[in-house]
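Undergrad: I'd like to go over a predicted model; first the sequence, then the structure.
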Amino acid sequence: MKLNPENFYIEVISSLDQISEKEWDKCNIDDHPFTSYGFLRALEQSGSAIKETGWMAHHLILKDKDSRVAGVSPLYLKNHSFGEYVFDWGWADAYERAGGNYYPKLQCSIPFTPVTGARLMIRDVYNSIHKQELRKILASGMIELVKKLNISSVHITFPNHTEWQEISGLGFLQRTSQQFHWENQDFKTFDDFLEKLTSRKRKAIKKERKSVSDLGLTIQTLSGKEITDYHWDAFFKFYLSTIEKKWGQNYLQRNFFSLLGEKMGDKIVLIAVEENKKLVAGALNLRDDNTLYGRNWGCLKTHKYLHFETCYYQAIEYAINNNLKWVEAGAQGQHKIQRGYLPTQTFSLHWVADPSLRKALKTFLDKEQNAVNIEIEELMKLSPYRKDNN
């Protein structure tokens, strides 16, 4: 039976308080941790992603004629481009020098989180063809909201590949980038993984791990109720320490971590490092049934190779021990390649109201996409895996 778009309408809500957790998560059919109600609500409730920080919620709720929720999209009105990881500062500068106002803009994304996942989330009661039509209704709703608010654009960052392909037909410009992901090739142990590497890379990793082991540190993997405010207090200090070292901005408030622990403890994997019974470093990961997602890292005392051990090797061991297929190690970092994390394409979509800017961006993005493809090809040549690795 053909879907009738007239049987559906969109509501815009200014807070997740205006929809129930059950209704939202029914649309999060992949049980993705970052598009879950718990994660997004913790960002709002902690004051991390709110109007005052430049993230004004305009979440889209798609309903059928009987007012039942059919789909949702996390959407924000923004007056800056911080915390997005798909950089459009140059676009904003060029447009404003030409006399336009790039900000505010709409941003369909997970704040401060460069992780791929569904952005146009539809309940599983619909078949695949109807889901595709409903995703287009949600995306069209974003375009209509741009026109209604008389603003420059809407940007969908880190959608999955299906959305990236489907929605481009509505006039969205396609953009690609790349991250570094580790793939579990049915390894049973960490040594199985090492055996797939060239001898030189295998020896280098063993040397790094031994260097950290010789420090006499205690490294624990914690989840659920094992994580207390004691751990979150320490981890927030680690988080701030990393921000200070990188001259960055502390997007996340202290209470966010406690709220995350309360709402999503079973999805959290915290690698905690102790020295003389005192927490000195940690790496925060979230997981689903398929992937471990590395999010934040920090330390109070610097030890050589401790970052690699805590963020990369411990993550790989956890994935192997828990039969996870992937580890996504976050944005940037070519140094991840020699540790088994290979370049993987990521996606974004951009709808721009001004035809002149849209034309200029189309030309730019065509050239950029070719450059990204070449970069990935070149980076793959640095792979640490043996050429006979299948």
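TA: Perfect, thanks for sending it.
Undergrad: And the strands in the stretch 251-390 of the chain, which stretches?
TA: Counting by DSSP state E, counting those that start in this stretch, the segments of the stretch 251-390 of the chain that form strands are 268-275, 278-287, 291-299, 326-328, 342-352.
Undergrad: pLDDT (mean, whole number) over stretch 94-101?
TA: What stretch 94-101 shows for mean pLDDT is 95.
Undergrad: Stretch 278-292 too?
TA: Model confidence over stretch 278-292, given as mean pLDDT, is 97.
Undergrad: Tell me which helix or strand in the chain has the weakest average pLDDT.
TA: helix 229-245 (a mean of 92; mean pLDDT, DSSP states H and E).
Undergrad: circling back: residue 159: which of the strands of the stretch 251-390 of the chain is closest?
TA: strand 342-352 (5.8 Å; C-beta to C-beta). Backbone N, C-alpha and C define where each C-beta goes, glycine included.
Undergrad: List the buried residues of the least confident helix or strand of the chain.
TA: By neighbour count on 16 or more other C-beta atoms under 10 Å, the buried set for helix 229-245 is 231, 232, 234, 235, 236, 237, 238, 239, 241, 242, 243.
Undergrad: what residues does that helix touch?
TA: When contacts are taken as C-beta atoms under 8 Å, 6 or more residues apart in numbering, the neighbours of helix 229-245 outside the stretch itself are 222, 248-250, 252, 254, 257-258, 261, 270, 272, 279, 281-282, 284, 296-300.
Undergrad: Buried ones only from those, please, as a PyMOL command.
TA: To isolate in PyMOL the members of these that are buried, counting by 16+ other C-beta under 10 Å, one can use:
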select buried, resi 222+252+254+257+258+261+270+272+279+281+282+284+296+297+298+299
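Undergrad: Dump the buried residues of helix 229-245 into CSV; add distance to residue 59 as well.
TA: As requested, the buried residues of helix 229-245 are arranged in CSV below (distance: C-beta to C-beta, whole Å):
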residue, distance to residue 59
231, 31
232, 27
234, 33
235, 28
236, 27
237, 32
238, 31
239, 26
241, 33
242, 29
243, 27
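Undergrad: what's the closest of these to residue 98?
TA: Nearest to residue 98 among the buried residues of helix 229-245: residue 243, at 33.8 Å, using C-beta to C-beta.
Undergrad: residues in contact with residue 353?
TA: By C-beta under 8 Å, 6+ apart, residue 353 lies in contact with 146, 147, 151, 152, 153.
Undergrad: and these, which of them are in helices?
TA: Judged by DSSP state H, helices contain the following of those: 146, 147.
Undergrad: Among the contacts of residue 353, name the buried ones.
TA: Of the members of the contacts of residue 353, the ones counted as buried by neighbours, 16+ other C-beta under 10 Å, are 146, 151, 152, 153.
Undergrad: mind listing the strands for the stretch 101-250 of the chain?
TA: Using DSSP E, counting those that start in this stretch, the strands of the stretch 101-250 of the chain run over 105-108, 121-122, 153-157, 173-183, 218-222.
Undergrad: mind checking which of those strands is nearest residue 361?
TA: When the strands of the stretch 101-250 of the chain are compared by C-beta to C-beta, strand 173-183 sits nearest residue 361, at 5.7 Å.
Undergrad: low-scoring stretches of this protein, by residue?
TA: 246-248, 389-390 (pLDDT under 70).
Undergrad: which residues of this structure fall in helices?
TA: 21-27, 37-45, 89-97, 128-149, 161-167, 190-195, 199-213, 229-245, 254-264, 306-308, 314-321, 355-380.
Undergrad: Quick one, which of those helices gets closest to residue 175.
TA: Distances from residue 175 to each of the helices of the chain were compared by C-beta to C-beta, and the smallest falls on helix 355-380, at 5.4 Å.
Undergrad: what is the orientation angle of the closest one with strand 342-352?
TA: Orientation of helix 355-380 against strand 342-352 (axes from the mean of the first three to the mean of the last three C-alpha atoms, to 10 degrees) gives an angle of 180 degrees.
Undergrad: one step back: format the CA atom coordinates belonging to the least confident helix or strand of the chain as CSV.
TA: Taking only C-alpha atoms (Å, rounded to 0.1, in the frame of the first residue of the first chain), the coordinates of helix 229-245 have been written out as CSV:
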residue,chain,number,x,y,z
ASP,A,229,30.5,9.8,41.5
TYR,A,230,34.0,9.1,42.7
HIS,A,231,34.9,8.0,39.2
TRP,A,232,32.9,10.8,37.6
ASP,A,233,34.5,13.5,39.7
ALA,A,234,37.9,12.2,38.7
PHE,A,235,37.0,11.8,35.1
PHE,A,236,35.6,15.4,34.8
LYS,A,237,39.0,16.6,36.0
PHE,A,238,40.6,14.5,33.2
TYR,A,239,38.2,15.9,30.7
LEU,A,240,39.0,19.5,31.8
SER,A,241,42.8,18.7,31.7
THR,A,242,42.5,17.6,28.1
ILE,A,243,40.5,20.7,27.2
GLU,A,244,43.1,22.9,28.7
LYS,A,245,46.0,21.2,26.9
